[in-house]
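Return atomic coordinates for the entry below.
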Amino acid sequence: MDQEHTLVPQVMDNSLSILVVSGRSGSGKTSVLNILEDLGYYSIDNLPLSLVPETAQKLISESSISRIALGVDIRTPRADLSNFAATHDALKQTYGKQAVKVLYVTAQEGTLIARFNATRRVHPLMAQDPEGVENTAYNLPAALKKEVQLLEPISRRADIVIDTSMLNIHQLKERLRDYTGVDNQIVINLLSFGFKYGNPIDADFVFDVRVLPNPHWNPALRSATGLDAEVSEFFADYPEVAEMTGDIDAFLTRWLPEFLHNNRHTVTVAIGCTGGKHRSVFITEQLQRKLAGSLPQGLSVAAKHRERRRW
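The predicted structure follows:
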């Protein structure tokens with residue numbers, strides 16, 4: 001084995017996952033890497049195959065990264081492709097057979113041709129010379145066939161093969177979640193805000209709590225916020241505050257889990273009052289505590305206050 005492929009043995013971690021992602025141009029390899037990144041993998045695209053062992057070692061030993069997806073395709077030097085077996089064996093010997101997997105993405109030739117025609121991209125084997133004239137060594141069908149031959153050392157060792165011909169991006173994500181065993185993770189951002197400063201444009205749900213009693217009109221509470229105990233005591237005298245909080249909580253508890261099946265990564269729930277200082281802040285904090293204890297695994301809740309700098 002070449003010296004550059006010699007790896008230092010590592011202490012194995014059951015959570016360690018190294019995915020070498022390859023595939024035919026136009027089949028969706030870049031989309032796969034992007035989805036894997038959303039699923040918690042550290043993804044690198046277009047990595048020369050000869051650098052894969054060194055890159056994996058640095059990420060694991062120096063950065064304690066346990067989920068790695070390394071994209072390798074036809075753009076890597078030809079000598080690297082012919083040496084894939086040695087590189088693959090070195091990774092498995094160092095990190096374990098269960099930790100190292102090869103994921104190969106493909107599609108039917110007619111689908112690939114249609115995708116290239118739709119995007120007007122040039123296949124990597126149909127390179128252009130410095131004057132922009134297309135290399136005629138390969139037409140598109142010939143380039144696609146040649147690519148299959150060149151990637152054969154990788155495809156032959158694939159643990160996972162995904163044909164994207166009939167998959168949309170959501171179905172592709174579901175397939176990758178099944179293969180990797182990674183559950184969807186969604187952050188629920190509860191955001192208090194003041195209507196007089198404008199509606200949040202990125203909100204998925206907006207609740208208006210301006211119908212509730214306003215501590216602003218109590219001179220002793222004007223400088224306080226919804227985070228302060230005296231404001232909580234003020235609201236305790238008004239049952240409608242608890243009722244509205246309960247109604248919003250019931251709605252969110254019922255519907256937020258549905259987003260786990262909707263290929264989302266964040267959901268923003270905005271709670272607005274006039275100035276974003278008392279009512280919206282108090283209810284946002286109350287909802288954060290309630291939802292944190294009731295939402296299923298895969299949903300985490302964070303409370304944020306957009307107008308905090310104005311307090």
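
so where's the stretch 101-250 of the chain shaky on pLDDT?
Residues of the stretch 101-250 of the chain that meet the criterion pLDDT under 70 lie in 127-137, 183-184.

That one: strands as residue ranges?
Ranges of strands in the stretch 101-250 of the chain, per DSSP state E, counting those that start in this stretch, are 160-163, 186-194, 205-208.

Would you indicate which residues of the helix or strand hosting residue 304 are buried?
Residue 304 is part of strand 299-305 when elements are defined by DSSP states H and E. Under the neighbour-count criterion of 16 or more other C-beta atoms under 10 Å, strand 299-305 has 299, 301, 303, 305 buried. C-beta here means a position set from N, CA and C on the backbone, and glycine is covered the same way.

for that strand, what is the average pLDDT?
Per-residue pLDDT over strand 299-305 has a mean of 94.

Show me what that strand is in contact with.
Here strand 299-305 makes contact (C-beta atoms under 8 Å, 6 or more residues apart in numbering) with 185-192, 256-257, 259-260, 276, 281, 284-285, 287-288, 291-292, 295.

to the chain's geometric centre, what's the distance from that strand?
Averaging C-alpha positions (C-alpha atoms, centre = their mean, to the nearest Å) puts strand 299-305 18 Å from its chain's average.

Repeat that for stretch 205-212.
Computed by C-alpha atoms, centre = their mean, the chain-centroid distance of stretch 205-212 equals 31 Å.

buried ones in that stretch?
Those would be 205, 207, 209, 212, for stretch 205-212 by 16+ other C-beta under 10 Å.

End to end on that stretch, go ahead and measure it.
19 Å (C-alpha to C-alpha, to the nearest Å).

Repeat that for stretch 18-30.
Separation of the first and last residues of stretch 18-30 by C-alpha to C-alpha is 17 Å.

got it, and stretch 145-155?
14 Å.

List phi and psi for the spatially most central residue of the chain.
The centroid of the chain falls nearest to residue 38 when counting by C-alpha atoms, centre = their mean (1.3 Å). Dihedral pair for residue 38: phi -60, psi -30, per degrees, to the nearest 10.

Touching, residue 126 and residue 141? I think so.
No: at 10.9 Å, residue 126 does not count as touching residue 141 under the criterion of C-beta atoms under 8 Å.

These two: who's more crowded?
More crowded of residue 126 and residue 141, by other C-beta atoms under 10 Å: residue 126, with 19 against 13.

Tell me the spacing between that one and residue 26.
Computed as C-beta to C-beta, to the nearest Å, the residue 126 to residue 26 distance reads 12 Å.

how about the host helix or strand of residue 33: buried residues?
Using DSSP H and E, residue 33 sits within helix 29-38. Going by neighbour count (16+ other C-beta under 10 Å), the buried part of helix 29-38 is 29, 30, 31, 32, 33, 34, 35, 36, 38.

State the next helix or strand along the chain beyond that helix.
Sequence-wise, the next helix or strand downstream of helix 29-38 (DSSP H and E) is strand 42-44.

Within the sheet, what are the partner strands of that following strand, with directions?
Strand pairing for strand 42-44, determined by DSSP bridges: strand 67-71 (parallel).

Check what contacts the strand it pairs with and list those residues.
Residues outside strand 67-71 that contact it (C-beta under 8 Å, 6+ apart): 15-22, 29-30, 32-33, 36-37, 39-47, 52, 55-56, 59-60.

again, 6 Å this time
If you take C-beta atoms under 6 Å, 6 or more residues apart in numbering as the criterion, strand 67-71 is touched by 17-21, 33, 36, 40-45, 47, 52, 56, 59.

That'll do, ta.
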